[in-house]
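Undergrad: return atomic coordinates for the entry below.
(chains A and B)
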Amino acid sequence: KNQVEQSPQSLIILEGKNCTLQCNYTVSPFSNLRWYKQDTGRGPVSLTIMTFSENTKSNGRYTATLDADTKQSSLHITASQLSDSASYICVLETSYDKVIFGPGTSLSVIP
Amino acid sequence: IAGITQAPTSQILAAGRRMTLRCTQDMRHNAMYWYRQDLGLGLRLIHYSNTAGTTGKGEVPDGYSVSRANTDDFPLTLASAVPSQTSVYFCASRGVAGEAFFGQGTRLTVV
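TA: Numbers count the residues shown, from 1 in each chain, chains lettered A, B, ... in the order given. Now for the predicted structure:
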């Protein structure tokens, strides 16, 4: 069983709409949970970071939440834009040299 | 511009040939990583280095080798390429804050 799972695998939404991406994990304990955005043909870039004890973190139109009890994190995107089309990757950092990547959710925002 | 530089950006390689993917960073990060990214599988760690002079095996190290002669460079070598090594390869570095910075990727096709 994968230690980090994401859903949905892919998603298509209309420009201006909101969406929520899910991340379920079994890794415990961990130090940080990050969401990365990966544009097509580029490397991933960090969007948000939360420590084990944090519940929410925002970065502009992106808001990440963390529920340590259910071992779930979500990334909510508000008022989506065409430039939000990308893969979004949930990442858990357990120690300095242990980083576990989820498979990612591919988001397409269409006009 | 500070960051991670990978070369080449893409390569078509005959099976059985030797290939070295180059990675250079100018952020003086101690930790560096090589990942491969395949559709539906997400990023998988090949090898890592916590500091110059040391390396370690990741999740999928077979068929690959690395060296870390200095802080800035972390080349990945395929001694005898096979078609299953067709993938997109990302080099990354991490500083003390924990965020990983990725290169733009190398798209490798082994035929």
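Undergrad: pLDDT score assigned to the one residue in chain A that gets nearest to chain B?
TA: Chain B sits closest to A:Gly43 of chain A, with a gap of 2.8 Å, by Cβ to the nearest Cβ. Any C-beta I mention is one placed from the backbone N, CA and C, and that applies to glycine too. Looking at A:Gly43, its pLDDT stands at 92.
Undergrad: tell me the phi and psi of it?
TA: As for A:Gly43, its main-chain torsions (degrees, to the nearest 10) stand at phi -80, psi 160.
Undergrad: quick check, A:Asn59 in contact with A:Val45.
TA: No. Here A:Asn59 lies out of contact with A:Val45, judged by Cβ atoms under 8 Å, at a distance of 11.0 Å.
Undergrad: just give me the neighbour total for the residue of chain A closest to chain B.
TA: 23 (other Cβ atoms under 10 Å in any protein chain shown).
Undergrad: excluding its backbone neighbours, what's nearest it?
TA: Counting by Cβ to Cβ, 6 or more residues apart in numbering or on different chains, A:Gly43 lies nearest to B:Phe102, which is 2.8 Å off, once chain neighbours are set aside.
Undergrad: give the buried residues for the lengthiest strand in chain A.
TA: Secondary structure assigned by DSSP state E gives strand A:86-95 as the longest strand of chain A. Neighbour counts over strand A:86-95 (16 or more other Cβ atoms under 10 Å in any protein chain shown) mark A:Ala86, A:Ser87, A:Tyr88, A:Ile89, A:Cys90, A:Val91, A:Leu92, A:Glu93 as buried.
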